[in-house]
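> predicted model, plus sequence, below.
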Amino acid sequence: MIKRTLYFGNPAYLSLKMKQMVVRIPQKDDGDLPSEADMVRTVPIEDLGVIILDNKQITITQGLIDALLENNCALITCDSKRMPVGLMLPLAGNTIQNERFRSQLDSSLPLRKQLWQQTIEAKIRNQAAVLKYVTGQEHKNMLKWSDSVRSGDADNMEARAAVYYWKTIFPNDPCFIRDREDEGANALLNYGYAILRAVVARALVGAGLLPTLGIHHHNRYNAYCLADDIMEPYRPYVDKLVVEMLEDGAEDKLNATNKVKLLNIPVIEVKINEKRSPLMIAVSQTVSSLVKCFRGDCRKLIYPDL
């Protein structure tokens, strides 16, 4: 089932009633509590997958938070710059979580290196597809680098491909530099990646895996290393969406209109296992294949082809 992604950018009062999220939009600014005149909407809890809170005057009840986490819904909060800054997920998202944790912790280094090799191969291959869309021609160097990735990406083909990729992806901005703190297209990419990260982290928790323990990324300050690993081949889908938005005349800044378009990331159509599927469902398939790899049933991750 495809879960909904909801964005709240204005003052709102969010609560729970009869397994429904009740959304009250204040009609006046003279109080924090909802009134009879407020606009009220309801959404079934089971329909929700990601919620983004992007206003300092949003109130959310503990009861609703509890219900959302029980339903494995990811809660994203934004800072004063309106950029995602926090992610809340359930501690227990699977009935056999302990078993999944153990198989993940016991996975061998050679297996993790092999899985990272497959991840980078898929990422560079999808980046090459984005560049073909942008320029209308094959980029054989990217395909060669994808085929040349060794176990653990020992030769750092990911970085080599990235240098070429970011120089080529925006033809109207040949001086573009990928920067997590920059504005313009970078801000759009950052926002899109935050949504993608939440989708992947949600799928990992739902499968009973530890999102902290990555197959490659290891950062003592990062609680979502595994999510950052698994999302890599999906990043080009965000890149392509941003390119399409700019080509269609969208402003290169993170405004409300662009945020609405980026909220479609979970339902982008992708091709995985020779079938078309929404990105959110594809991520679940990728995570399921990862569980099988950790369990020893196979050594092949399933990633989408752009």
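All right, it came through fine.
> pLDDT weak spots in the stretch 1-150 of the chain?
1, 28-38, 92-96 (pLDDT under 70).
> what packs against the helix or strand hosting Ser103?
Secondary structure from DSSP states H and E places Ser103 in helix 97-105. Using 3 or more Cβ pairs under 8 Å, 6 or more residues apart in numbering; DSSP states H and E, the elements in contact with helix 97-105 are helix 279-295. Every C-beta, even on glycine, is put in place using the N, C-alpha and C of the backbone.
> run the last query once more with 10 Å
Other helices and strands packing on helix 97-105, by 3 or more Cβ pairs under 10 Å, 6 or more residues apart in numbering; DSSP states H and E, are helix 185-206, helix 279-295.
> most tightly packed of those helices?
Across the helices and strands packed on helix 97-105, averaging neighbours per residue (mean count of other Cβ atoms under 10 Å) puts helix 185-206 on top, at a mean of 23.
> orientation of that one relative to helix 97-105 in degrees?
120 degrees (axes from the mean of the first three to the mean of the last three Cα atoms, to 10 degrees).
> who touches the very next helix or strand once past helix 185-206?
Note on helix 185-206: by DSSP H and E, the next helix or strand toward the C-terminus is helix 225-230. If you take Cβ atoms under 10 Å, 6 or more residues apart in numbering as the criterion, helix 225-230 is touched by 87, 89, 104, 112, 115-116, 119-120, 193, 196-205, 209-219, 222, 224, 283, 286-287, 290, 301, 303.
> go again using 7 Å as the cut-off
With contact meaning Cβ atoms under 7 Å, 6 or more residues apart in numbering, helix 225-230 is reached by 119, 197, 200-201, 204, 209-219, 222, 286-287, 290.
> do stretch 135-152 as well
By Cβ under 7 Å, 6+ apart, the surrounding residues in contact with stretch 135-152 are 113-114, 116-117, 120-121, 124-125, 127-128, 131-132, 157, 160-161, 164, 168.
> out of these, which sit inside helices?
Among the contacts of stretch 135-152, DSSP state H puts 113-114, 116-117, 120-121, 124-125, 127-128, 131-132, 157, 160-161, 164, 168 in helices.
> out of those, which are buried?
113-114, 116-117, 120-121, 124-125, 127-128, 131, 157, 160-161, 164, 168 (16 or more other Cβ atoms under 10 Å).
> how many residues are close by the closest residue to Asp54 other than its chain neighbours?
Computed as Cβ to Cβ, 6 or more residues apart in numbering, the closest residue to Asp54 that is not its neighbour in sequence is Cys78, at 4.1 Å. Neighbour count of Cys78, defined by other Cβ atoms under 10 Å: 22.
> show the backbone phi and psi for Cys78.
Main-chain torsions, Cys78, degrees, to the nearest 10: phi -110, psi 160.
> residues touching it, list them.
Applying Cβ under 7 Å, 6+ apart to Cys78 gives the contacts 52-54, 84-85.
> ok, now which ones touch Tyr7?
Tyr7 sits next to 52, 54, 259, 263 when contact means Cβ under 7 Å, 6+ apart.
> pull the contacting residues for the second one.
The one in question is Asp54. For Asp54, the contact set (Cβ under 7 Å, 6+ apart) comprises 7-9, 78, 82.
> swap in the last one?
Taking Cβ under 7 Å, 6+ apart, we find Leu263 in contact with 5, 7, 195.
> what does the third one give?
Under the criterion of Cβ under 7 Å, 6+ apart, the contact list for Lys259 reads 7, 191.
> against Glu269, how distant is it?
To Glu269, Lys259 is 20 Å away according to Cβ to Cβ, to the nearest Å.
> repeat that for the second one.
Computed as Cβ to Cβ, the Asp54 to Glu269 distance reads 26 Å.
> please apply the same query to the first one.
Distance check for Ile52 against Glu269: by Cβ to Cβ, it reads 22 Å.
> neighbour-wise, which of these two wins?
Ile52 (22 against 11).
> what strand or helix carries that one?
strand 48-53.
> need the helices and strands packed on helix 97-105 in CSV (columns: distance to Ile45).
Formatted as CSV, those follow (distance: least, Cβ to Cβ, whole Å):
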stretch, distance to Ile45
helix 185-206, 14
helix 279-295, 17
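> of those helices, which is nearest Glu251?
Across the helices and strands packed on helix 97-105, Glu251 has its closest neighbour in helix 185-206 (9.6 Å, Cβ to Cβ).
> next, the angle strand 48-53 makes with that closest one.
Using the same axes, to 10 degrees: helix 185-206 against strand 48-53 is 140 degrees.
> gap between the nearest residue to Leu131 once chain neighbours are set aside and Lys123?
Leaving out its chain neighbours, the residue that sits closest to Leu131 by Cβ to Cβ, 6+ apart is His139, at 4.8 Å. According to Cβ to Cβ, His139 and Lys123 sit 14 Å apart.
> got it, and Leu210?
Leu210 is 22 Å from Lys123, by Cβ to Cβ.
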